[in-house]
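> What would the 3D arrangement of this be:
(2 chains)
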Amino acid sequence: MSFPWSKQYTPSHPVMTWLDEKLPLPRLVYNAVGGGYEVPRNLNYFWNFGFLAGFCLVIQIVTGVILAMHYGGDTSVAFNSTEHIMRDVNWGWMLRYGHANGAAAFFAVIYLHIFRGFYYGSYKAPREMIWLLGVVIFLLMMATAFMGYVLPWGQMSYWAAQVITGLFSSIPLVGDPLREWLLGGFAPGNATLNRFFSLHFLLPFVILGVVILHIWSLHIPGSSNPTGVEVKSESDTVPFHPYYTAKDGWTVGLFMVIYSLFVFYMPNALGHPDNYIPANPMQTPAHIVPEWYFWPFYAILRSFTQNFLIFDAKLLGVLAMFAAILVWFFLPWLDKSPVRSATYRPLYRKFFWLLVVDVLILGYLGKAPAEQPYVLISQLATMYYFLHFLVIVPIVSSIERPDPLPFSITESVLGSDGAAKLTTTKS
Amino acid sequence: MAQEAAIDTPAAQSGEGVRRRDFINIAAVSAAGVGGVAVVYPLISQMAPSADVLAESSTEVDISAVQPGQAIKAVFRKQPVFIRSLTPAEVEAANKVDAASLRDPQTLAERTKEGHENLLITMGVCTHLGCVPQGAGAGEVKGEFGGYFCPCHGSHYDTAARIRKGPAPKNLQVPEYEINGTVVKIG
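Modelled structure (predicted):
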């Protein structure tokens, strides 16, 4: 947000003055991520994951555009061109491992970013639009990651395409024609691979566009902070540059250390060996598991095993899996508590951690085989997941007595705030 | 005069009844809308299966070598088809079940051709999410009901390839086919 004390952009060179009059792009950047953007002084490390997520998007776009220069989106060459990248293209192995592990890193960062939003109530008024756009970005990321996974045209690629497009065939009446339309055939084939390649190239730029909207809407109210108390005075904020550019730069370094460990020392740790077998429509791998970042949702999908009324089990599983994310869109209105940060919400905090445990359990179950007792546990965990959003959050937010909030960000940092004393003496 | 002024003056737009210009607006927007839909149709239709994909829609398979208790896999529309010769015990097991009690009620007779009740021809595509069930190849797991077992999400099919346990909603689909001596024409 542009506070009264926010610094103004002043071009230091005649060329920049000339540019500022014609196209004030440097001014835009200065106000967005430069010295002109005033940010609460008390942000903790959970506020670094937004910047890191943007960094991951850049890694994915750069490595992805280069990989597309060497890859062939045709079933006759897709698998071999992937191996060609790995063996023949200069540094191709690094680019591909960087891209595959970059996707996993992107999701890890995004999950921590979402965790921050949940814990600190970042989705609450006046920041609902930032949250809604964030959920849209997450959905686009899932679609992009899925289609990218299909491109190497190995066994896991093929069967991922078969299973995920199979979800659509559960829709009554239009399901089967819809699936054939999505695939361009009766099973995943050349038409499918080609369109997935096209869309996998397009969607990251759509994500980039929504990220810009996400940041735009963030800059209207300004960044939230761990206390959830809004900015009151100049002593509550510091300029984004150099304070948070420096802090974000430091975590980018830390991120690169962990990311490089994966890319250079265990590049296949998160993948499946079966994907180094060329796609074979005649044989399903013995154990089909999605990538780790889809496990919780996959567990919800599989937890429905019985028909209910006119809905068959398959349709219910698909609906529940999509609902598990769509319910996030309603979170700003399900959580009616005016207190944002869970730090000051003792009751909500307990349920929040229960939800975290529940999602971790679902994640574990998503990779477990479809047998008892895993099925029963995933049914209970799925039930609790929806119970949390639809029942617990609304009830807790109306009966809870929150802990007292600090007067201001400055008070929470320094223990006292001159402005606070002033108000107390006045009243 | 007053009427003409009303037609030409933008200020009169604020809810003063129907004007002659409204007709032009509606007609222009409608024509553009129809044109838009006409352009969108091919853009959507291009994603449907193309002519060469549709052309691969029938397959002939020689079944003379299939012994009772054996099954072979064929390819139909780039998807596996199971052709299974049932043993008398398997036929009996399938007929013993009360069809009405099943999730997708069908008898073995309804799923085979008359006079060929031991020849079970189904798609090798699990009706849950499209994996290839096991049980057709020698030594593969046949599931709790002796037919097919889908390893992806644990659907069990019986000896008539009917869904008995697990998330799949329907029996394995029986494609259209005809039997000419020892040759089966699928599709």
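> Skipping its backbone neighbours, what lies nearest residue A:225 in space?
residue A:40 (3.6 Å; Cβ to Cβ, 6 or more residues apart in numbering or on different chains). Using the backbone N, CA and C atoms, a C-beta is placed for each residue, glycine as well.
> So what pairs up with that neighbour in the strands?
Going by DSSP bridges, residue A:40 is paired in beta bridges with residue A:237.
> For chain B, see how far away it is.
Distance, residue A:40 to chain B, by Cβ to the nearest Cβ, to the nearest Å: 46 Å.
> surely that residue meets residue A:237?
Yes - using Cβ atoms under 8 Å, residue A:40 makes contact with residue A:237 at a distance of 5.9 Å.
> Quickly list what's touching both of the two.
Here residue A:40 and residue A:237 share the contacting residues A:231, A:409, scored by Cβ atoms under 8 Å, 6 or more residues apart in numbering or on different chains.
> List the contacts of the residue nearest to residue A:225.
Here residue A:40 is in contact with A:222, A:223, A:224, A:225, A:231, A:236, A:237, A:409 (Cβ under 8 Å, 6+ apart).
> Give the burial count for residue 88, as a bare number.
Went with chain A since none was named. 11 (other Cβ atoms under 10 Å in any protein chain shown).
> wrong one, chain B
By other Cβ under 10 Å, neighbour count at residue B:88 equals 10.
> For it, which residues are in contact?
By Cβ under 8 Å, 6+ apart, the neighbours of residue B:88 are B:68, B:118.
> how far away is the closest residue to residue B:149 other than its chain neighbours from chain A?
The shortest distance from residue B:149 to any non-neighbouring residue, by Cβ to Cβ, 6+ apart, is to residue B:143 (3.2 Å). Separation of residue B:143 from chain A (Cβ to the nearest Cβ): 12 Å.
> from memory residue B:143 sits against residue B:159, does it?
No - contact criterion Cβ under 8 Å: residue B:143 and residue B:159 do not qualify, at 10.1 Å.
> which of the two has more neighbours?
When neighbours are counted by other Cβ under 10 Å, residue B:159 comes out ahead of the other of residue B:143 and residue B:159, with 25 against 22.
> can you tell me how far the more buried one sits from chain A?
21 Å.
> Same check on residue B:133?
From residue B:133 to chain A the distance is 8 Å (Cβ to the nearest Cβ).
> what sits against that residue?
Residue B:133 sits next to A:284, B:124, B:126, B:143, B:148, B:149, B:150, B:151, B:155, B:157, B:172 when contact means Cβ under 8 Å, 6+ apart.
> swap the cut-off to 10 Å and go again
Neighbouring residues of residue B:133 by Cβ atoms under 10 Å, 6 or more residues apart in numbering or on different chains: A:284, B:80, B:82, B:122-127, B:140-143, B:147-152, B:155-157, B:161, B:168, B:172.
> go on, residue B:185?
Neighbouring residues of residue B:185 by Cβ under 10 Å, 6+ apart: B:58, B:59, B:60, B:61, B:176, B:177, B:178, B:179.
> Strands along chain B, start to end?
B:59-62, B:71-76, B:79-85, B:119-123, B:146-150, B:155-158, B:163-165, B:177-180, B:183-186 (DSSP state E).
> can you count the residues close to the closest residue to residue A:71 other than its chain neighbours?
Nearest non-adjacent residue to residue A:71, counting by Cβ to Cβ, 6+ apart: residue A:81, 5.1 Å away. When counting by other Cβ under 10 Å, one arrives at 21 neighbours for residue A:81.
> quick check, residue A:81 in a strand?
No - counting by DSSP: H, G, I helix; E, B strand; the rest coil, residue A:81 is not part of a strand but helix.
> per-residue confidence for it?
pLDDT recorded at residue A:81 is 96.
> hang on, it packs against residue A:193?
No - at 11.4 Å, residue A:81 does not count as touching residue A:193 under the criterion of Cβ atoms under 10 Å.
> Give me the common contacts of the two.
Contacts common to residue A:81 and residue A:193, judged by Cβ under 10 Å, 6+ apart, are A:72, A:73, A:74, A:151, A:153.
> Just the buried subset of the contacts of residue B:133, please.
Listed as buried from those are A:284, B:80, B:82, B:122-127, B:142-143, B:147-152, B:155-157, B:161, B:168, B:172; burial here means 16 or more other Cβ atoms under 10 Å in any protein chain shown.
> ok, residue A:171 to residue B:76 distance?
For residue A:171, the distance to residue B:76 equals 24 Å [Cβ to Cβ, to the nearest Å].
> My error: substitute residue B:104 in the last question.
In terms of Cβ to Cβ, residue B:104 sits 21 Å off from residue B:76.
> So which of these two has more stuff around it?
Between residue B:104 and residue B:76, residue B:76 has the larger neighbour count (other Cβ under 10 Å), namely 21 against 15.
> Next, the contact list for that one, please.
A:186, B:56-59, B:61, B:121, B:123-125, B:175, B:177, B:186-187.
> who's it bridged to?
Here residue B:76, judged by DSSP bridges, has bridge partners residue B:79.
> Distance check, it against residue B:187.
With Cβ to Cβ as the criterion, residue B:76 and residue B:187 are 6 Å apart.
> Also residue A:145?
36 Å.
> And the two? Which one has more around it.
residue A:145 (20 against 14).
> could you pull out the helices for the stretch 201-350 of chain A?
In the stretch 201-350 of chain A, the segments counted as helices under DSSP state H, counting those that start in this stretch are A:245-260, A:295-302, A:313-326, A:331-334, A:346-367.
> Need the winner for burial among those.
helix A:295-302 (a mean of 25; mean count of other Cβ atoms under 10 Å in any protein chain shown).
> is any part of it close to chain B?
Yes - Helix A:295-302 reaches chain B (Cβ under 10 Å from any Cβ of the partner chain) through A:298, A:301, A:302.
> can I get those in CSV with pLDDT?
Shown next, in CSV, are these (pLDDT from 0 to 100):
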residue, pLDDT
A:298, 91
A:301, 88
A:302, 83
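> Looking at the residues you listed, which is nearest chain B?
residue A:302 (5.5 Å; Cβ to the nearest Cβ).
> Correct me if wrong: residue A:5 contacts residue A:233.
Yes - using Cβ under 10 Å, residue A:5 is in contact with residue A:233, at 8.3 Å.
> for residue A:16, what are its contacts?
A:9, A:10, A:26, A:27.
> could you say which helix or strand contains the third one?
Yep, that's residue A:26 we're talking about. When elements are assigned from DSSP states H and E, residue A:26 belongs to helix A:25-33.
> ok and that helix relative to helix A:245-260, angle-wise?
Interaxial angle of helix A:25-33 relative to helix A:245-260 (axes from the mean of the first three to the mean of the last three Cα atoms, to 10 degrees): 80 degrees.
> residues of helix A:25-33 that come out buried?
For helix A:25-33, by 16+ other Cβ under 10 Å, it's A:27, A:30, A:31, A:33.
> again with stretch A:68-77
Applying 16+ other Cβ under 10 Å to stretch A:68-77 flags A:70, A:71, A:72, A:73, A:75 as buried.
> Pull the contacting residues for the residue nearest to the third one when sequence neighbours are not counted.
Of all residues beyond its chain neighbours, the one nearest residue A:72 is residue A:81 (4.3 Å), with distances taken as Cβ to Cβ, 6+ apart. For residue A:81, the set of contacting residues under the criterion of Cβ under 10 Å, 6+ apart consists of A:67, A:70, A:71, A:72, A:73, A:74, A:88, A:89, A:151, A:152, A:153.
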